[in-house]
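[1] just to be clear, the model below is a prediction. Sequence and coordinates:
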Amino acid sequence: MWNSVSGDTKWNDPENAICIASGPLGGTPGYPGGGKSIVTTISPLTGIPIDSNVGGYFGPYKKFAGFDVLELTGKSDSEVIILIDGIESTIKIYEVSGLTDDSYELSMALTDYFDKEKPVNISVVSTGSAAKNTELGCLNFTWFDAKRKRVRYKQAGRGGIGTVFAHKNIKAVVARWSTVSMKTNQPADLDALKNVTKLHAGEINTLDPKQNRMALVGTTHLVPIMNDHDCLPVNNFRYGMHPESKVIGEEVYEHIFDKGFDGCWRGCAVACAHGVKDFVPFTGPYKGQKVFVDGPEYETVAGCGSNLGVFDPFFILEMNFYCDTYGLDTISIGTGIAFVMECFEMGLITKEHTGGMDLSFGNRLNALELLHQMARGEGFGVIVGKGIRKMKEIFASDFGADAAIMQDIGMESKGLEFSEYMTKESLAQQGGYGMALKGPQHDEAWLIFLDMVHNFMPTFENKAEALHWFPMFRTWFGLCGLCKLPWNDIVPEDNRETKEPAKVIKHVGWYADFFSSVTGRKVKPEDLIPMSEAVYNFQRLFNLKMGYGTREHDTLPYRSMGPVTVDEYLSRQERYDTALTEKHGVDISGMTVEEKVAQLRKFREEQYELLKDAVYERRGWTPNGIPTVATVKRLGIDFPDVMELLKSHGVE
Amino acid sequence: MADFTLKEIKSLKYNRPEISKGYTDHSLHINVSSSDINIRPVEKEGQGKIYRG
Ligand code: SF4
């Protein structure tokens, strides 16, 4: 991508590239999480590189067909389908007509078309109709579920990659491959690979039933945990818990999910990619028909449920289904509609602007109608589909809404909508979101528990260290073609007794062994971080090249740091009063709530700036958030164009 | 679903790069403006730093 785009490239320029890679370890059957791909492009929402980690069989099949990475550039005049056929060693481009835009039907039709006899040989990447009309488009990556005899999919959801794909007029990319075994990836040491696979998969099989039960409930086990710790976003991140959250959590989905093996890659022991059979939507083009819904995962439940003030598991299924088939990111949709609902309740926008729709919190039918409008490219849904950053501009310039309050409650940073965790009480997670390279997505740094619940990082230096190590290690999974969930969602029984339980060091050791056994490069656990540190810094430099990547772009809306409104303050008054008096030494007697809100804000914003200083220093960046010359030299990424870029920003 | 039609506009037969130790050392580049299909060895410059994990 670096070579394809210039600093002036916009998301919809033909030279913008979509790259898909599955790393050296991607495509290892049986190793838990051993079949992911990473997808990158210049995002329509942020203007900088977005990366999205996705399951499904496409990445491994593409590699087995002969390619570590696929790069798609240009813009076709007519809709095309690309076939990468590793069985026939042929690549074909087709013009297509008469094929539906809906990913749900399209992926089944193309699977059938390209290998009717052996549909398991096919993986399809596609988006949907709403990706053409919004900037929130996702990509669906399929695999054929032989037991259920149907196509399933996972999403490269974040940052509008599907929008770029649709804009290029690519209808689908199809990979075809046949038999897969542990030998297909030609590991350097097959016995060592088998050994470490057995250890990790065996541990998951033993411990998952005692821990999160992900093979039964997927990531919905997080709903009650987040609710209990006041971290489940409710009504646009105003609140962190709700008494009705029980009806959208694991207790309910355990009974709704179709039983069976649900790995999004072959033999993944976690098997968390659940779905719902014979769901009957009550709106839209599939109204009254039985469909299969892939999901929901925690993020969809929280984003399209509690964050919209809706506690109805079937509504969430319908949002999930239509987001997937229309090619929409459920996280940006959830957070975006939550913002719209709060604007509506605050009177910043009215029915006059929404086409007559009441968009108060909890209004299910109108939330769904927004999705259908996005798919049809009409109505207020098209404005919502531009994402929060652009909505804020439109609401202010066209509807006269108050820009300052929207800045506080619009949950985006760098232009990307927040994923679904409340960060008000976790400074480290605020840093995890605000200093994430691509925008506030938890896959780069998920520190909320370690900071808030376990208080593992009381000082700025502790937090800065965590904001160095965790993003680097999490990046390593993307580089290698792996899923992060098996690393720390199911942990060894004696993990608590280890020196640094948060790192799950036993598993880090297994990952080092896994890497060594496949690549033949003997590495130890401590070698993994420097591998991704180079890439992480390079991505920061890429942001810089695109006109971002400095301190001012690592900002957050205040809603993510503390209470914006009096109501929010009062909902947790004891907590905030205690923070003011005990932590900051303020005499609050005689202060109005408004004054307390303002005082707390001053402290919390200052703390966040101090955290930035500490993190930049730990990462080897300047106070303006740019990697120093010493850092790029140490990491071996001091390429001539990088040095030129640094020089142009006064870093020498 | 309504019938759809596919019209082949480009086809390339290739020698499939072999995988060794998790890598094929090749990348596939498709430009949909021109329908160009290019297969390239992975650039040496980034090996061990950017591309290799
Ligand atoms: S842990 Fe879940 S999401 Fe990750 S690879 Fe396995 S089934 Fe897929």
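    Received it, and whenever you're ready, just let me know what you need.
[2] which strands or helices does the host helix or strand of A:Val293 pack on?
    According to DSSP states H and E, A:Val293 maps onto strand A:291-294. Counting contacts by 3 or more C-beta pairs under 8 Å, 6 or more residues apart in numbering or on different chains; DSSP states H and E, strand A:291-294 is packed against strand A:150-156, strand A:275-279, helix A:313-326. Where C-beta positions appear, they are placed from N, C-alpha and C, glycine not excepted.
[3] next helix or strand past it?
    helix A:298-304.
[4] for that next one, give the mean pLDDT please.
    Throughout helix A:298-304, pLDDT has a mean value of 98.
[5] and that helix, what does it pack against?
    Under the contact criterion of 3+ C-beta pairs under 8 Å, 6+ apart, helix A:298-304 touches helix A:222-228, helix A:313-326, helix A:330-346.
[6] can you put those in a markdown table and add distance to A:Trp446 and mean neighbour count?
    Conversion of the helices and strands packed on helix A:298-304 to a markdown table gives the following (distance: least, C-beta to C-beta, whole Å; neighbours: other C-beta atoms under 10 Å in any protein chain shown):
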| stretch | distance to A:Trp446 | mean neighbour count |
| --- | --- | --- |
| helix A:222-228 | 11 | 20 |
| helix A:313-326 | 22 | 26 |
| helix A:330-346 | 14 | 26 |
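[7] list the buried residues for the biggest helix by length in chain A?
    Among the segments of chain A that qualify as a helix by DSSP state H, the longest is helix A:593-619. Using 16 or more other C-beta atoms under 10 Å in any protein chain shown as the test for burial, helix A:593-619 gives A:593, A:596-597, A:599-601, A:603-604, A:607-608, A:611-612, A:614-616, A:618-619.
[8] can you name the next helix or strand after that helix?
    According to DSSP H and E, the helix or strand after helix A:593-619 is helix A:629-634.
[9] send me that following helix as CSV with only the CA atoms.
    C-alpha atoms of helix A:629-634 as CSV (Å, rounded to 0.1, in the frame of the first residue of the first chain):
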residue,chain,number,x,y,z
VAL,A,629,15.1,9.1,13.8
ALA,A,630,16.7,6.9,16.5
THR,A,631,13.5,4.8,16.6
VAL,A,632,13.2,4.2,12.9
LYS,A,633,16.9,3.4,12.7
ARG,A,634,16.7,1.0,15.6
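[10] mind checking the SS state of A:Pro281?
    Using DSSP: H, G, I helix; E, B strand; the rest coil, the secondary structure recorded for A:Pro281 is coil.
[11] before we move on, what about A:Thr40?
    Going by three-state DSSP: A:Thr40 is strand.
[12] beta partners for it?
    Note on A:Thr40: beta-bridge partners by DSSP bridges are A:Cys19, A:Asp51.
[13] circling back: partner strands of the strand holding A:Val293, parallel or antiparallel?
    Partners of strand A:291-294 in the sheet, by DSSP bridges, are strand A:275-279 (antiparallel).
[14] who's in contact with A:Ser181?
    A:Ser181 makes contact with A:Pro29, according to C-beta atoms under 8 Å, 6 or more residues apart in numbering or on different chains.
[15] give the contact list for the spatially closest residue to B:Thr5 that is not a sequence neighbour.
    Using C-beta to C-beta, 6 or more residues apart in numbering or on different chains and skipping the chain neighbours, the partner closest in space to B:Thr5 is A:Ser97 (5.4 Å). The contact partners of A:Ser97, by C-beta under 8 Å, 6+ apart, come to A:Glu79, B:Phe4, B:Thr5, B:Lys7.
[16] which ones among those lie within strands?
    Among those, the members falling in strands (DSSP state E) are B:Thr5, B:Lys7.
[17] and stretch A:544-554, end to end?
    The straight-line separation of the ends of stretch A:544-554 (C-alpha to C-alpha, to the nearest Å) is 12 Å.
[18] re the thing from before, to chain B, which of the helices and strands packed on helix A:298-304 lies closest?
    Smallest distance to chain B across the helices and strands packed on helix A:298-304 (C-beta to the nearest C-beta): 12.8 Å, for helix A:313-326.
[19] any idea how far A:Arg389 lies from A:Ser43?
    Computed as C-beta to C-beta, to the nearest Å, the A:Arg389 to A:Ser43 distance reads 11 Å.
[20] next: A:Val340.
    21 Å.
[21] low-confidence regions, chain A specifically.
    Confidence mapping of chain A against pLDDT under 70 gives zero matching residues.
[22] counting contacts, what elements does the helix or strand hosting A:Ser123 pack onto?
    Element membership of A:Ser123 [criterion: DSSP H and E] is strand A:122-126. Other elements packing on strand A:122-126 under the criterion 3+ C-beta pairs under 8 Å, 6+ apart are helix A:58-64, helix A:103-114, strand A:139-145, strand A:170-176.
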